[in-house]
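Visitor: Prediction below, plus the sequence it came from.
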Amino acid sequence: MKQYTFKINGKEYQVAIGEASGKTLTVNVNGADYQVELEQEMAGRTQTAGASPAVADKRADAPLGEAPAATETAAAAPKGAGLTVKSPLPGIIISIDVKEGQAVKRGQKVAVIEAMKMENDILAEADGTVTAIHAAKGDSVLEGADIVTIG
């Protein structure tokens, strides 16, 4: 396995990239194992930092809110084009204040999370339309967990 340290939005991730088998690649991020699906078959080669096929996150048995895969960053997505709003801290989702297909404006409340007995509003980071909701009321989430996607 190749070992790497990635820094995404100021947070460090220890990443170990394993062997590819067809279109599936084993990746370990901060101790959590993931199976990711590659767009192109790797023909049994080890994925290296120099190769950069697009990766679709296929988290095998990963609980909601695990650390994001090293290839994902909210900053990489253009404003309003598939931007995923993430939990800023670990806690419990108190409410989801939007629905799929709803138009939202930057700064609009999309959810509320309770952390350390405090309620924190989670705000839209861009104008757009809610294309997916990844969490539900009562879910326990970790920092960086996907809450909603705005397209």
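Guide: Ah, there it is. Residues are numbered from 1 along each chain as shown.
Visitor: Give me the below-cutoff pLDDT ranges for the protein.
Guide: Within the chain, the segments meeting pLDDT under 70 span 41-81.
Visitor: Could you list every helix and strand that the longest strand along the chain packs against?
Guide: Longest strand of the chain, by residue count under DSSP state E: strand 11-21. Applying 3 or more C-beta pairs under 8 Å, 6 or more residues apart in numbering; DSSP states H and E, one finds that strand 11-21 makes contact with strand 2-8, strand 24-29. To be clear about C-beta, it is placed using only N, CA and C from the backbone, and glycine gets the same treatment.
Visitor: Give me the sheet partners of the helix or strand where N120 lies and which way each runs.
Guide: Per DSSP states H and E, N120 falls inside strand 118-123. Sheet pairing for strand 118-123, assigned by DSSP bridges, gives strand 109-115 (antiparallel).
Visitor: re earlier: okay, the angle between the longest strand of the chain and strand 24-29?
Guide: For strand 11-21 against strand 24-29, the angle by axes from the mean of the first three to the mean of the last three C-alpha atoms, to 10 degrees is 160 degrees.
Visitor: in strand 11-21, what counts as buried?
Guide: Buried residues in strand 11-21, counted by 16 or more other C-beta atoms under 10 Å: Y13, V15, I17, A20.
Visitor: What is the nearest of the residues you listed to S87?
Guide: Set against S87, the nearest of the buried residues of strand 11-21 by C-beta to C-beta is Y13 (16.2 Å).
Visitor: the domain parsing of the chain - what is it?
Guide: The record's domain parsing of the chain by automatic domain parsing lists 2-58, 74-150.
Visitor: Point out the most buried one among the ones you listed.
Guide: Comparing these by mean neighbour count (mean count of other C-beta atoms under 10 Å), domain 74-150 ranks first with a mean of 16.
Visitor: Give me the distance between that domain and the centre of its chain.
Guide: Put simply, domain 74-150 sits 12 Å off its chain's centre (C-alpha atoms, centre = their mean, to the nearest Å).
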